[in-house]
Every structure is written in structure tokens, then in C-alpha cells.
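Q: Mind folding the following:
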Amino acid sequence: MLIKLFTLYVYLQTALCGCGADRRNSDFERLRKDYKVKVQRIGRLDSRIKESSGLAHATDTTFWTHPDSSFPAELYLFNLKGELLRTVPMPLPNRDWEELAEDWNGNLYIGDFGNNANARRDLRVFKVQQEGMTVQETINFSFADQQEFPPPTRQRHFDLEAFFYRNDSLHLFTKSRARKGITHRYTLPALGGTYALEPQEKLRVSSAITAADSAPNGKVFALLGYGRLYLFEPQDKQVQFAGKRYCLPLARTGQAEALLYLSPSELLISNENGKLYLVSFEPKR
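A: As a prediction, the model looks like this:
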């Protein structure tokens, strides 16, 4: 019932507001202004996949996803029809798994860093080799700019559900719990150790950020929020907010939690109800 009510809220809020606030506050442009966009529901995950909080490639046609803290520490292998191909129990704690990423060397990165109350002191990422599903190392980190656990409500910008791998680093984007939403970007080395992360930059956004991914061409990246998709086109291919940025309302997707590039012009999205969506876009001629 709560998920249905939240889905209805996302639909109404997005339908009424669209991307207007993001255009006014942070200079986003409408994606449909420069691109032909198609959003379609393509399937539903097998009911044995209890939740989909993150997405990563296994092969070109199969994918990994996982649940969060309410369920066991497992990875699920599925295809675009939503069929469950394999369940892999992991010898790892699942305090609050929120995101998956992958590198070019066959490693998966499991983000155990959900921080709803902004009170966690044990944020971490598990590095796992896909072949054999062996745990390689743990990457521990904290936010150097967080001094209180939890901070006052208006400063609760330290929840985390979104990251991706690029150029030997993990790029993290926080989920704000404050009234005026802000996402902070941090950079974390993709190597075992303990790190205190300084914020790289921040951006005001209307939606709480729940997922992120980098395009296969290494030029652009995307952030997912409740009811909105944000696309970034930095001029120098760096991971940064500067440059052209677009917003796309996604009222239909509800409580969407995971995002994955299938190609430079296609994005796969999954939500808490197990629905799968494909967002495709191409430049207007």
C-alpha cells in the first residue's frame, strides 16, 4: 500500500511540476528539446527477485541486481524479459545495499552505504570479482564534511544510493533528505582502504537521487530521481556538473531505484515494484 501511495505521489508531483524547478534552479534544459525520446515499459522482474536497488552488466544480454537491507545478501541474474536466471548468495553483510557498479576488469562494486537517517559511520563498498563471485576487498569511507550524526534536518544531504565506475574511481552522488534537495558529488578510489572524502561539487535538484551510471562511450552520465531522469554532457568528458544538462520527467516509473546504460542512447530503469523500463533517445535532426 505504501509503495502504491508513493507511486501515486511521484506521478502527480511529476505530472504537475515536470522539470520546471530544475530549469529555474539549476539551468537544466528539457531533454525533448534536443532529443527524440521514447519511454516504454518492457517487462517485469520475476517475483523471486524481491527488490531491485542496483543494476550492472553480467553479459551483453544479462544483468545483475540486488535487494536492500530488508532482504538477504544476494545477487540476482536476469534478462530483459525479467526472467530470473540465477540467485547467488554472498558471504557479505547487507546493512543497506543500495547500488551496483562494474569496471572493465570483471569486478562488481556493491554499495553498502544506504544512510536514511544520516547517522551511519560504516559506509563501504564491496569489490567482487564476477568470475567465481569472490570478494576482493572492502573500500571504507566517510564524508569529510559531515560533522554530526545525524546533522540537523536542513543539512541532511548524506544519504547515498548512487554511484558508478569511471577511470579507476567510483563517483558518488548523494541523496538529500532535506526540504531543499541537493546532490553532492564525491570521488572514491576503487581500491581497498579507508578514505575521508571531500565534496567535489554540489547541485540543487528537485528529485532525491537514487541511481547513477556512466555511458559506455565515457562522455556522458545520468542520474535517476523519483519521477525524473537527469543527463549530463560535460564538455571535456570529465565527471562534473558543468556543461550541458538535461531533465526528463518520468512520471510512470514510480519509485525507481536503479539505472543502467545499455548503449550510449538507451537506459534501463527498474523500480521497487519490479517493473522494467527502457528510455531511448536520439538527437533531433
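Q: From residue 64, how far off is residue 225?
A: Noted for residue 225: a distance of 22 Å to residue 64, by Cβ to Cβ, to the nearest Å. Placement of C-beta: from N, CA and C, glycine included.
Q: try residue 215
A: For residue 215 relative to residue 64 (Cβ to Cβ), the value is 19 Å.
Q: Who has more neighbours out of those two?
A: Higher neighbour count among residue 215 and residue 64: residue 64, with 23 against 20, using other Cβ atoms under 10 Å.
Q: partners of that one in the sheet?
A: For residue 64, the beta-bridge partners are residue 56, residue 77 (DSSP bridges).
Q: Quick check: it vs residue 227, distance?
A: Using Cβ to Cβ, residue 64 is found at 25 Å from residue 227.
Q: Give me the next element, helix or strand, following the helix or strand of the chain with the lowest mean pLDDT.
A: Ranking every helix and strand in the chain by mean pLDDT, DSSP states H and E puts helix 2-17 at the bottom, with a mean of 51. The helix or strand immediately downstream of helix 2-17 is helix 20-26, counting by DSSP states H and E.
Q: Send me that following helix as PDB with only the CA atoms.
A: The C-alpha trace of helix 20-26 is given here as PDB (Å, rounded to 0.1, in the frame of the first residue of the first chain):
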ATOM      1  CA  GLY A  20      10.300  23.400 -14.200                       C
ATOM      2  CA  ALA A  21      12.000  23.800 -10.800                       C
ATOM      3  CA  ASP A  22      15.200  22.100 -12.100                       C
ATOM      4  CA  ARG A  23      15.300  24.500 -15.100                       C
ATOM      5  CA  ARG A  24      14.800  27.600 -12.800                       C
ATOM      6  CA  ASN A  25      17.200  26.500 -10.000                       C
ATOM      7  CA  SER A  26      20.000  24.700 -11.900                       C
END
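Q: helices or strands up against it?
A: strand 201-204, strand 244-249 (3 or more Cβ pairs under 8 Å, 6 or more residues apart in numbering; DSSP states H and E).
Q: Please identify the deepest-packed of those.
A: Highest mean neighbour count among these (mean count of other Cβ atoms under 10 Å): strand 244-249, with a mean of 21.
Q: so how many other residues sit close to residue 146?
A: Residue 146 has 21 neighbours, counted by other Cβ under 10 Å.
Q: scratch that, residue 144 is what I was asking about
A: Counted with other Cβ under 10 Å, residue 144 comes out at 12.
Q: My read is that it contacts residue 197, right?
A: Yes. Using Cβ atoms under 8 Å as the test, residue 144 is close enough to residue 197 to be in contact (5.9 Å).
Q: Give me the below-cutoff pLDDT ranges for this protein.
A: Scanning the chain for pLDDT under 70 picks out 1-17.
Q: tell me which element the residue sitting nearest the centre point of it falls in.
A: Geometric centre of the chain, nearest residue: residue 211, 1.1 Å, by Cα atoms, centre = their mean. Assigned by DSSP H and E, residue 211 belongs to strand 209-214.
Q: show me where the stretch 1-150 of the chain has strands.
A: Assigned by DSSP state E, counting those that start in this stretch, the strands in the stretch 1-150 of the chain fall at 29-30, 35-44, 54-57, 62-66, 74-79, 84-89, 97-102, 107-112, 123-129, 134-143.
Q: So which residues make contact with the last one?
A: When contacts are defined by Cβ atoms under 8 Å, 6 or more residues apart in numbering, strand 134-143 is touched by residues 90-92, 107, 109, 121-129, 158, 170, 184, 186, 188-197, 199.
Q: and if you look at the shortest one?
A: Counting contacts by Cβ under 8 Å, 6+ apart, the residues outside strand 29-30 that touch it are 19, 23, 244-248.
Q: Could you list every helix and strand in contact with the helix or strand hosting residue 261?
A: In the assignment (DSSP H and E), residue 261 maps to strand 256-263. If you count contacts as 3+ Cβ pairs under 8 Å, 6+ apart, strand 256-263 packs onto strand 54-57, strand 97-102, strand 209-214, strand 221-225, strand 266-271.
Q: Nearest to residue 236, out of the ones you listed?
A: strand 221-225 (13.2 Å; Cβ to Cβ).
Q: From the chain's centroid, how far away is that closest one?
A: 7 Å (Cα atoms, centre = their mean, to the nearest Å).
Q: contacts for that strand?
A: Under Cβ under 8 Å, 6+ apart, the answer for strand 221-225 is 162, 164, 166, 171, 173, 183, 205-215, 229-232, 239, 256-259, 261, 267, 269.
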